[in-house]
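A.B. asks: sharing a model that was predicted from the sequence below.
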Amino acid sequence: MADVCYWDTRVELRISEIKQLHQVLSAGSANPFCVVRVDGEELARTSTQWGSLNPFFAESFLLGMANNFNTLSIHCHNQDKTGRKHEEIGVVTFSREELFQAFVSNVRDKWFPLVKPTPHISVQGEVYVELICTQHSAGLYTLTVTVVKARDMYRTNHFGKVEPFFQISLDMEQRSSPKLKGQKFPMWDQTFDFERATLPPSLFIDIRDAHGLKGSRFLGCAQIDLSGLELDLRISRWYPLRPRADDFDGVTSGNGAIRLHIKLSHELIMPESSYLPTIDFMVEKLRSDDDRSHILRIFHERANADGMELEKFARALMMSLHQRSAALDCLKGLNTEEIQKADDVATLFRGNSLATKCMDQFMKIVGLPYLHKTLKPVIDDIFTEKKDCEIDPTKLTNPKPATIKKHVHDLAAYLTKILERIFQSVEGCPPQMRGAFKAIRRAVHKNPALKGGSDGSSNTAEYTAVSGFFFLRFFAPAVLAPKLFGMRDELADERTSRTLTLLAKALQNVGNLSAVPKETYMQSLKDLIAANVPLLKEFVDKICMVDPVSITDAKSAQSDAETIPMQSKLMVLSEGRSFKRRFVTLTADTICHARSYKDTPSRIPFTKVINIERMQQSAYDRKHVVSVVTEDGFPDIVLMFPSSTHMKTWLQFMRDRLRACDAKIRSACHCGVLKKGVMTCCGSDALGVPCSKAHVSVVLDTFSAASSPSEALHPLHVIMVNALPQLEQHFKPERCVDEDPAYVATGQRLVDILRLADIEHLLLSKPLASEDALQRR
């Protein structure tokens, strides 16, 4: 998407807590968790809070929304003790219009009542309607309504007979359609005319299913606003199906409440070329010995401005500079400045400065695959084995020496595995990270105030400056919170969380080169920690011995396309009639499948994929099936997964790659298969219009650099353009009389570039504004 403009819609969702579940659950305890759905499809879920009627989740998700999404819903479930079954307790649903209204009014964090999930509330789908209003010479208005078709009223796994029909209501007048047996995607194409002296504010279309035990079953209602209808202008669009207002009577109280933080962002992403003048100017100054200090000063001033979130600014800066292979240049400048000012090794890099925050973000952007490869196998073992590793006697109900000895043994075994994997990972560490550490070590060596002894003979600062970042800000936080770093999908339970906390403490002791832990109960690991301190120094020595050529070529060496993020043995249907077991590999830009690892794989570039969608179970009489639909010239493939969890993980990754690549994603698809000349989902022929709405919303990885170049450059552009009024005032000639002329020239030139970028953004947004307004209606 580098050469086009598009609207990017995201939702920052934080599920904080739920209260008063005792009102809906008769049992004395509950095991609640939450599921996040967009247009009925599950995108994410929280961990289960065992034994709590007032659960505290504190889990955040960043959702990349489809341009045509209708609803965002959060469902609260109660899980049984086995973890295999669960019942839905309540739901809170936000329509597209409600989210955009909150976006405008800045309503973000509040309590919402959980609604009882009755069939009349849990509706989904859309109806396609054409409207035109004409006026006769006598002054009467004729409203012509054509209900063309409907889709997605039934869930993907729905079985049984169906017989949908609709009822139109305008004032007190009602019209009905024929009942279409067996059509989950009904095509009515029915037209009705209504004559009125004045039009009412709304038109209602109820979709119902006549095949019910007790009369027809409600499937949803579309409310169409007629107040802004223009004469002789035909309107054709999909309208979402919603519950009726009176369906909420009696189901909105007594079900508990959930506290949510919701923030929607809706921004125009410009072509990559529109961002380059600003970022390239910054890169030019960063690589100039004469001007580097001036652009760094401007960065510091922006980071410390009122209302600016330091971490947000650091991430935007690193993401943008990383796209232009200049993040390392910025880090060297920031870190060197901080080291030159330091006079105590104990406080070096221990605070939250722009340098430390940028280094944190840089390690997460560049080093996340390395982190997963190094630590994830041990983290997975800890989550699976669930061993009790508590070594604090005050936290044990029966602190027998034999019990503590066993716990120390198990904890030491995990710590040894982690440290061994870290110390053996030198070659796997990204060259750019190694280059940053090398620059830090060199700068510390040049500062005599950071020498360990009076003669400089016992200098440890060169090691702690590096290990402080690597262990205290990278490895230890990842061990403490694996989900935050993408190594686990769920939060740890109480026992596992305590094991991770103890391991993180031990890693911090190793990183501090401290053989004597502060806590008394950690003394049992003293010998193991002391034995690994020399190994850590050796590890730091090796990490900092990096070839400059490797750093220069790091972007190509660390290319996403060369990594293998996902690999599995799956049942695959490709250019055949039966599923065959194949080795399937997903890289950053390609789907590959082959008979064995040794065979040359068939490759499908993500740029040639137009849909990735779950299939109806009836399509192949199998569960957990996903269809990958491609452009002409590339064969489609169908993947069958062993479980729903496995399928959701792969769907998430593939859709994330579609978002990052220049893929021409269709807004509709078939969720069935062609049998005997017709599609099993809707009954159309092979050339028929796709019947179902495509699902492309994803949970975005806040640490990943997998977004498109334009998306990576956009946040820094927004920050700097929003600061343009302050920058213009700051760099007025009359206010810069006593400033360094080179600093003033740098600032004034940056202001000129930002003005042009702001004007270009306004010019590009105008042609898309009306189209976007229609999409949001």
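C.D. replies: Right, received. Where do you want to start?
A.B. asks: where does the stretch 151-300 of the chain have low pLDDT?
C.D. replies: Within the stretch 151-300 of the chain, the ranges that satisfy pLDDT under 70 run 156-159, 212-214, 247-253.
A.B. asks: what about stretch 638-651, how long is it end to end?
C.D. replies: With CA to CA, to the nearest Å applied, stretch 638-651 spans 12 Å between its terminal residues.
A.B. asks: residues in contact with that stretch?
C.D. replies: Contact with stretch 638-651 is made by 42, 489, 566, 568, 570-574, 579, 584, 586, 612, 614-615, 620, 622-628, as judged by CB atoms under 8 Å, 6 or more residues apart in numbering. From N, CA and C alone the C-beta is placed, and that goes for glycine too.
A.B. asks: give me the buried entries from those residues.
C.D. replies: 570-574, 579, 584, 586, 612, 614-615, 620, 624-628 (16 or more other CB atoms under 10 Å).
A.B. asks: and the helix or strand where Leu570 lies, what does it pack onto?
C.D. replies: Assigned by DSSP states H and E, Leu570 falls within strand 566-574. On a contact count with 3 or more CB pairs under 8 Å, 6 or more residues apart in numbering; DSSP states H and E, strand 566-574 meets strand 580-586, strand 590-594, strand 637-640, helix 644-660.
A.B. asks: elements contacting the next helix or strand along the chain from the longest one?
C.D. replies: Using DSSP H and E, the next helix or strand after helix 644-660 towards the C-terminus is strand 668-669. For strand 668-669, the helices and strands in contact under the criterion 3+ CB pairs under 8 Å, 6+ apart are strand 692-693.
A.B. asks: for the stretch 201-350 of the chain, what spans make up the helices?
C.D. replies: Using DSSP state H, counting those that start in this stretch, the helices found in the stretch 201-350 of the chain span residues 272-286, 292-303, 310-323, 327-341.
A.B. asks: closest to Arg749 out of those?
C.D. replies: Set against Arg749 and scored by CB to CB, the helices of the stretch 201-350 of the chain come closest in helix 272-286, at 6.9 Å.
A.B. asks: tell me which strands and helices the closest one is in contact with?
C.D. replies: helix 292-303, helix 310-323, helix 327-341, helix 709-722, helix 741-776.
A.B. asks: got the angle between it and helix 292-303?
C.D. replies: 120 degrees (axes from the mean of the first three to the mean of the last three CA atoms, to 10 degrees).
A.B. asks: check contacts around the nearest residue to Phe731 once chain neighbours are set aside.
C.D. replies: Nearest residue to Phe731 in three dimensions, chain neighbours excluded: Gly747, at 4.1 Å (CB to CB, 6 or more residues apart in numbering). Counting by CB under 8 Å, 6+ apart, Gly747 touches 294, 298, 727, 730-731, 736.
A.B. asks: how about the residues you listed in JSON lines, adding neighbour count and distance to Asn335?
C.D. replies: Formatted as JSON lines, the contacts of Gly747 follow (neighbours: other CB atoms under 10 Å; distance: CB to CB, whole Å):
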{"residue": "His294", "neighbour count": "19", "distance to Asn335": "18"}
{"residue": "Ile298", "neighbour count": "20", "distance to Asn335": "17"}
{"residue": "Leu727", "neighbour count": "21", "distance to Asn335": "25"}
{"residue": "His730", "neighbour count": "17", "distance to Asn335": "26"}
{"residue": "Phe731", "neighbour count": "21", "distance to Asn335": "27"}
{"residue": "Cys736", "neighbour count": "16", "distance to Asn335": "28"}
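A.B. asks: so which of those residues is the closest to Tyr597?
C.D. replies: Nearest to Tyr597 out of those is Ile298 (CB to CB; 51.2 Å).
A.B. asks: quick one: that closest one from Arg292, how far?
C.D. replies: 11 Å (CB to CB, to the nearest Å).
A.B. asks: just Gln223 next, same as before
C.D. replies: Separation of Gln223 from Arg292 (CB to CB) stands at 59 Å.
A.B. asks: same thing with Glu538?
C.D. replies: For Glu538 relative to Arg292 (CB to CB), the value is 33 Å.
A.B. asks: so what touches the strand holding Leu570?
C.D. replies: 579-586, 593, 602, 620, 635-641, 646, 649-650, 653.
A.B. asks: in terms of helices and strands, where is the residue of the chain most remote from its centre?
C.D. replies: Going by CA atoms, centre = their mean, the residue of the chain most distant from its centre is Ala138, 57.0 Å out. Ala138 belongs to no helix or strand when elements are defined using DSSP H and E.
A.B. asks: check the one 4 residues further on too.
C.D. replies: Take DSSP H and E as the rule and Thr142 turns out to sit in strand 141-151.
A.B. asks: and that strand, which strands flank it?
C.D. replies: strand 126-135 (antiparallel), strand 187-196 (antiparallel) (DSSP bridges).
A.B. asks: pull the distance from stretch 293-310 to the chain's centre.
C.D. replies: In terms of CA atoms, centre = their mean, to the nearest Å, the centre of stretch 293-310 is found 27 Å from the chain centre.
A.B. asks: in that stretch, which residues are buried?
C.D. replies: 293-296, 298-299, 302-303.
A.B. asks: what is the nearest of these to Leu764?
C.D. replies: Nearest member of the buried residues of stretch 293-310 to Leu764, counting by CB to CB, is Arg302, at 24.2 Å.
A.B. asks: give the contact list for the closest one.
C.D. replies: The neighbours of Arg302, taking CB under 8 Å, 6+ apart as the test, are 308, 313, 719-720, 723.
A.B. asks: how much space is there between it and Cys544?
C.D. replies: 31 Å.
A.B. asks: cool, Thr649 as well?
C.D. replies: With distances taken as CB to CB, Thr649 is found 36 Å from Cys544.
A.B. asks: check Tyr414 too.
C.D. replies: 28 Å.
A.B. asks: more neighbours, these two?
C.D. replies: Higher neighbour count among Tyr414 and Cys544: Tyr414, with 22 against 19, using other CB atoms under 10 Å.
A.B. asks: quick check: the more buried one touching Leu503?
C.D. replies: Yes: look at Tyr414 against Leu503 with CB atoms under 8 Å: they come within range, at 5.9 Å.
A.B. asks: what touches both of the two?
C.D. replies: Joint contacts of Tyr414 and Leu503 (CB under 8 Å, 6+ apart) are Ile382.
A.B. asks: what's across from the residue nearest to the spatial centre of the chain in the sheet?
C.D. replies: Central residue of the chain (CA atoms, centre = their mean): Leu700, 1.6 Å from the mean position. Beta bridges link Leu700 to Leu62, judged by DSSP bridges.
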